[in-house]
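K.L.:
A predicted structure for the sequence below; I have some questions about it.
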Amino acid sequence: MLYMNRRRLLEDKIERLLNGQTAYAESQELIRLLKRELDKRNITVLMDQTDSGCWFIPEHRKAN
């Protein structure tokens, strides 16, 4: 089994959201950490949570 550093995954997904891209998380632990980090940084996103995971969609896209 491949071990992925949760903190690195979290930072990668936050960076994607800050760049106006969507992010997907499968595990409940990563979803919980993402929600907490987004609240802490006051980043607003739309969330589409399903039984298999959660899409995080930035409300404001970064201008090119």
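P.N.:
Arrived safely, thanks for sending.
K.L.:
My guess is residue 45 contacts residue 58. True?
P.N.:
Yes - here residue 45 reaches residue 58: they are 5.6 Å apart, a contact under C-beta atoms under 8 Å. Yep, even glycine has a C-beta here, placed from its N, CA and C like the rest.
K.L.:
who touches both of those two?
P.N.:
residue 17 (C-beta atoms under 8 Å, 6 or more residues apart in numbering).
K.L.:
Need the distance between the two termini of stretch 12-25.
P.N.:
Start and end residues of stretch 12-25 are separated by 11 Å (C-alpha to C-alpha, to the nearest Å).
K.L.:
Contacts for it, please.
P.N.:
Contacts for stretch 12-25 (C-beta under 8 Å, 6+ apart): 30-31, 34, 37-38, 41, 43, 45, 53-58, 60-62.
K.L.:
Now list the buried members of those.
P.N.:
30-31, 34, 38, 43, 45, 54, 56, 58 (16 or more other C-beta atoms under 10 Å).
K.L.:
got any ranges where the chain has weak pLDDT?
P.N.:
For the chain, the stretches with pLDDT under 70 are 1-3, 61-64.
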